[in-house]
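Q: Generate coordinates for the sequence data below:
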Amino acid sequence: MQGWTSGNRLRLLENGEEFFPRVLRAIGEAEQEILLETFIWSEDGIGRELLQALVDAAARGVRVRATVDGYGSPGFSEEFLSKLAGADISIDSFDPRPRIFRIRTNPLCRLHRKTVIIDRRIAFVGGINFGDVHLRSFGEQSKQDYAVEAEGPVVRQVYDCCRFTPDAPARIKRRRWRYWLRRFPREMSHPTENAQAIFAVRDNDGHPTDIETMYRIGIRHAKRRIILASAYFFPGYRFIRELRRAARRGAEVCLIMQGKPDRPVAVTAGSIVYEDLMAAGVKIYLYMERPLHAKVAVIDDQWATVGSSNLDPISLGLNLEGNLFILDRDLNESLRNSLERLIEHSCEQLSSGGAQTRVWWRRLILTAAYHFTRRMSSWGRKVRYSQQAVRPMRAAEE
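A: Next up is the predicted model:
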């Protein structure tokens, strides 16, 4: 992670209805290079639209390179791959592993970022994968999520951090959290036309805690309000302590969590922290309309973050992740208005002493599960991403 950049132009994109048209339009206007990283690229309607847009760009002479995760996108059909190969598009798979009895064996330490960089001048960063599931027309299981379209100096940071190429820059020296605290703007007062942004990554090679550190520094500076939405919320003690302290010093702290989760076990395990947070005055809302896939937050009137990192051990301790951290009134207001709308129309507030934690034996089991899961991240950090292969994509297994 490098320093804060100024003079950026930022636009919030909510759900696939806003995200996909902007990405496809930018790809259609590309002149030199397209770089794409994503956890999931589905072979459905949106996936095929993306394929055609990239093929058309390559036909214009644009260099196209894509990297998908070997777990989230285990393979494409021969037809799909032949179109990519015919257009001379490079498509790689991050750490693919063979299946055992048709079971994927590589669920941890994944490429979970979702980034698109066009001509090194436009970047899209967020939590939206390329698939129909991010459109409301998909039905009750469609996802609620966000991304940011960025132009300006921060695009170079995204490009440098995300490219899986032979000439990728050497990893940036790891900085301790006190370094970023000193560099963080003290007042968070910046004019809209000079939006500041920084791209933070999480990996096991040099930046194992950068995203969590940026969150904690922002929370520590909060004076009036914090609204945080996370699909999976299972952070460590220091993160929870910062939220409790913010609530006790008078800031309004609101957390939006999944009420209709796509993975109930993960959400149930994370609920062990709810009682302690509510005892400190934190308000917890369950989003009930459809699965929540967001990984965003706003603090006061300037600070915001949008990215791929959940607040759980897998994202904070195992995966390759990327978040934009932003100081900009307009983007903060757009995201805050959207989250407040979710709270007002689509959420139920969780009351203290709910059934999830009231039974003592259930709380004991959840506590044990919490500490076990938190330990997973330290085990996973023994895996270096340089040891995980990036190989050309192959056809999906039948």
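Q: Ala247 should be in a strand, yeah?
A: No - checked against DSSP: H, G, I helix; E, B strand; the rest coil, Ala247 lies outside a strand; its state is helix.
Q: Now do the contacts for the closest residue to it other than its chain neighbours.
A: Excluding its sequence neighbours, the residue lying closest to Ala247 (C-beta to C-beta, 6 or more residues apart in numbering) is Gly281, at 3.9 Å. C-betas here are computed from N, CA, C, even on glycine. Gly281 is in contact with 247-248, 253, counting by C-beta atoms under 8 Å, 6 or more residues apart in numbering.
Q: quick one: Gly281 from Ile240, how far?
A: Here Gly281 is placed at a distance of 13 Å from Ile240 (C-beta to C-beta, to the nearest Å).
Q: got it, and Ser271?
A: Taken as C-beta to C-beta, the span from Ser271 to Ile240 is 13 Å.
Q: One more: Glu49?
A: In terms of C-beta to C-beta, Glu49 sits 41 Å off from Ile240.
Q: Give the residue spans of the stretch 51-200 of the chain that score low on pLDDT.
A: 163-193 (pLDDT under 70).
Q: make it 90
A: 74-75, 95-109, 161-194 (pLDDT under 90).
Q: The chain - how does it break down into domains?
A: Here the domain parsing of the chain from automatic domain parsing is 5-156, 181-360.
Q: now those domains as JSON lines including distance to Val390?
A: Output for the domains of the chain, formatted as JSON lines (distance: least, C-beta to C-beta, whole Å):
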{"stretch": "domain 5-156", "distance to Val390": "5"}
{"stretch": "domain 181-360", "distance to Val390": "11"}
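Q: Arg394 is nearest to which of the ones you listed?
A: Judged by C-beta to C-beta, the one of the domains of the chain that comes nearest to Arg394 is domain 5-156, at 5.9 Å.
Q: mind listing what Ile240 touches?
A: Counted by C-beta under 8 Å, 6+ apart, Ile240 has contacts 273, 276-277.
Q: For the host helix or strand of it, buried residues please.
A: Under the criterion of DSSP states H and E, Ile240 resides in helix 237-248. Within helix 237-248, the residues that count as buried by 16 or more other C-beta atoms under 10 Å are 239-240, 242-244, 246-247.
Q: Repeat that for stretch 145-160.
A: 145-150, 152, 154-160.
Q: got it, and stretch 278-293?
A: Using 16+ other C-beta under 10 Å as the test for burial, stretch 278-293 gives 278, 281-287, 290-293.
Q: can you put the buried residues of stretch 145-160 in CSV and add distance to Met214 and secondary structure?
A: Supplementary listing: the buried residues of stretch 145-160 in CSV, determined by distance: C-beta to C-beta, whole Å; DSSP: H, G, I helix; E, B strand; the rest coil:
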residue, distance to Met214, secondary structure
Asp145, 20, coil
Tyr146, 17, strand
Ala147, 18, strand
Val148, 15, strand
Glu149, 20, strand
Ala150, 16, strand
Gly152, 19, coil
Val154, 14, helix
Val155, 19, helix
Arg156, 19, helix
Gln157, 13, helix
Val158, 15, helix
Tyr159, 19, helix
Asp160, 17, helix
